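1. this is the structure alone, sequence omitted:
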Ligand SMILES: NC(=O)c1ccc[n+]([C@@H]2O[C@H](COP(=O)([O-])OP(=O)(O)OC[C@H]3O[C@@H](n4cnc5c(N)ncnc54)[C@H](O)[C@@H]3O)[C@@H](O)[C@H]2O)c1
Ligand SMILES: C[C@@H](O)[C@H](N)C(=O)O
């Protein structure tokens, strides 16, 4: 049989204790002598000892001293609950109480005390010895009063509502006026509003919260538990909700025995009865109705809890506190409701078929129009459940069928990607060899004919190319035999190549483009693994890929990014977009779409129709161009960003927005510039990028947007032209060196700026997008590779073009911009958090640029 009733242990999710060293478990109440309505173990601030707790207990009604109710992982803020302080008319104080409450705030942080009574009621309470916290003694705390009704008012409300629901007169006016007179939905609204307020203080204001009314056993618990449902997705799962009920109602001392003494539908109520828990469940139902996919449980689960709170064959809801349940030996004598509910067959009854875990905070609407009568409880005898059950069954069937279709689509997509990649392989062949849990990717026909061990030419059978030393050195095959085996099929060749591969792995690499990628099992992949994709691990079982949109994709960086992402995620999963006309080679290399980021509706349609999940927002006017046309820069860089942010938040996209060294200004530290420092740029470009960083982070914290941002240095590329930046001289210099051997530089010779080769920039972009969210301690990172001045770059270029000459004709606008920018970036956070590492320093950059640009150039003449 299942677990026994009741719960002796305090119910705390593990992380709450692990994540903070500011709180501790206290067993001060182990025999329930300090506070009879509290559980044996409570969570309190570490800086308060048990002796001090005892004194605080004497200062609070029913000894309910402030305890931890919820810890908000996202920002470390907390929610506490207690009963009212016993200040009385003399304004009594308790130093330990003040110490405890103030101890829960971090330096510089503020808190809100949410008193669930109106100010009037709270003031009247002083005459009976109760009261509220005087702000002068709790200076970092602000008190807010929210009048939630209690006891007889709630009882009367329920009696009237039940009567209205049983009215048989079939008269609409009568029904509506009775419903209104019951005031039930007003109570629902008040409770939900107060819970939203508590959640808002914690999540949006970044403040901690203390909730109490008088006793702290009724409206306080409604507010603290609803706030957790809003804030914490785990409370929206079946198990999570059960824990919440145990923690915030049973262990927190809600007197179920008194409040739910008779049937909720009865029209005579005893003094201590009140539908407090029913109102809580009604509020949960209202949220569930507004967010039907965000809850793992269905309405039936809430109705079941409502029924058991009033009448049950289980011991869970008996007694008024843990203390009473222990005294009555309920855990030993009765069964727990949870042991029954948590059996698979029961769970299936309570599962919500359209549930999709939603990690976001959910904000219910509390406007009167948004709230409805809970027909499942109050009109349950009036509505025929047969049709509802049938509709439910049909929905489950459709969802199951839809899932089967989705699985089929996944398989077909995989096949399609494989076919596309095979196509790519024929055009640009690689041979993949698996050996000793490593994948060797041998680029065929790539390394020239130098007769070193791995500089081999291996052809596909259909190309009839010679097989030479690699196969021979495997000492198993002569080139002719190898050729023969290739004609027969892949497997034997791969087996024999394995031996050669083993030697290759032991020998030092010669840099001919062979990449070695660890995998978990030895096998043979028919799939192409691109040699320049070696920075990410290769998974043979292709999982779901993101669907990517790149805005402003025809600029210096977008085409290269699309190429990289298409290799990683498949050609058709990456859509390039821009307002310009793409060159033919770009147009035919993969999906392209016209998208103006200033056209919100069109952009939204593109995102929806293409099921986009990741968005790289590259559209922008760069620094020099931006200064020349400020209104356009403002529109593209700021209004365009707003459009993108809204669409990304609305459709739950992972959003990458590049920032820049230009986001810093003359008052920022320049050598090196850390991630967090003063940012007062003097260009519209820089201002728009700081704005983008802040807006993205704001949307992240406010709406849970998965915003990721890197501050790029000046980017240098060979096969794409820069779009009008201050750092562009470092690209033009190569073209001019090759073309004419001369270069006129618009910056002073010693103007030092951070720079990066494009491959490093794109690699970092993909890495930060793939980094697990929990590894990111910030949302905007500097990335760095090298830093040089025009004269240093010119010296390096002269190694390839010895007669190269540079003259300087300073452009005052660009010089002023460059002088206000960092000279060097501190990117230690990126290196620590997600393992950022650059590959190109200045010498490698220059070599690579010349090898791309210089085949028929002056280098050839110089050499
Ligand atoms: N290239 C660099 O050195 C560098 C350095 C730091 C940051 N960045 C950032 O990286 C991103 C890409 O840079 P890039 O060098 O490729 O820029 P780029 O200027 O070369 O390209 C920008 C693209 O945006 C497009 N665009 C302009 N207005 C548009 C609109 N209304 N709708 C859609 N597209 C529009 C342009 O047609 C252009 O193709 C930019 O956000 C830039 O600020 C670049
Ligand atoms: C640095 C950067 O953002 C761009 N290359 C510019 O100079 O404007």
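-> Done, it's in. These figures come from a predicted structure and were not determined experimentally. Residues are numbered from 1 along each chain as shown. Ligands and ions are numbered 1, 2, ... in the order given.
2. any idea which helix or strand comes after the helix or strand hosting residue 153?
-> Element membership for residue 153 (DSSP states H and E) is helix 151-165. Downstream of helix 151-165, the next assigned helix or strand under DSSP H and E is helix 172-182.
3. please parse the protein into its domains.
-> 14-383, 428-533, 545-595, 620-862 (automatic domain parsing).
4. okay, these in a markdown table with mean neighbour count and distance to residue 396 next?
-> In short, each C-beta sits where N, CA and C put it, glycine included. Shown next, in a markdown table, are the domains of the chain (neighbours: other Cβ atoms under 10 Å; distance: least, Cβ to Cβ, whole Å):
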| stretch | mean neighbour count | distance to residue 396 |
| --- | --- | --- |
| domain 14-383 | 19 | 5 |
| domain 428-533 | 16 | 37 |
| domain 545-595 | 20 | 28 |
| domain 620-862 | 19 | 25 |
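5. mind checking which of the ones you listed is nearest residue 612?
-> Of all those, domain 545-595 sits nearest to residue 612, with 4.6 Å by Cβ to Cβ.
6. what's near enough to touch the residue in the chain that ligand 2 sits nearest to?
-> Here the residue of the chain nearest ligand 2 is residue 725; by Cβ to the nearest ligand atom that distance is 2.4 Å. By Cβ atoms under 8 Å, 6 or more residues apart in numbering, the residues touching residue 725 are 622-625, 714.
7. recalculate using a threshold of 10 Å.
-> By Cβ atoms under 10 Å, 6 or more residues apart in numbering, residue 725 lies in contact with 556, 620-626, 660, 662, 685, 714-715, 731, 814, 817.
8. filtering the residues you listed by proximity to ligand 1, which remain?
-> When Cβ under 6 Å from any ligand atom is applied, the members of the contacts of residue 725 adjacent to ligand 1 are 556, 620, 622, 660, 714-715.
9. can you pick out the most distant pair from the residues you listed?
-> Based on Cβ to Cβ, the longest span within those runs between 620 and 714 and measures 14.1 Å.
10. re earlier: let me have the domains of the chain in CSV, extended by mean pLDDT and distance to residue 601.
-> Listed next are the domains of the chain as CSV, based on pLDDT from 0 to 100; distance: least, Cβ to Cβ, whole Å:
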stretch, mean pLDDT, distance to residue 601
domain 14-383, 94, 24
domain 428-533, 37, 36
domain 545-595, 96, 11
domain 620-862, 94, 9
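11. out of the ones you listed, nearest to residue 399?
-> domain 14-383 (5.1 Å).
12. that closest one: how far from the chain's middle?
-> 28 Å (Cα atoms, centre = their mean, to the nearest Å).
13. what is the three-state secondary structure of residue 114?
-> Using DSSP: H, G, I helix; E, B strand; the rest coil, the structure places residue 114 in strand.
14. wait, which of the contacts of residue 725 is closest to residue 774?
-> Closest to residue 774, out of all of the contacts of residue 725 and judged by Cβ to Cβ, is residue 660, at 26.8 Å.
15. next, give phi and psi for that closest one.
-> Backbone torsions for residue 660, taken as degrees, to the nearest 10, come to phi -160, psi 160.
16. so what's it up against?
-> 620, 622-623, 681, 683, 685-686, 688-690, 692-693, 710-715, 725-727, 754, 821-822.
17. I'd assumed residue 665 was in contact with residue 816.
-> No - Residue 816 is beyond contact range of residue 665, at 11.1 Å (criterion: Cβ atoms under 10 Å).
18. which residues do those two both contact?
-> Both residue 816 and residue 665 are in contact with 682-683, where contact means Cβ under 10 Å, 6+ apart.
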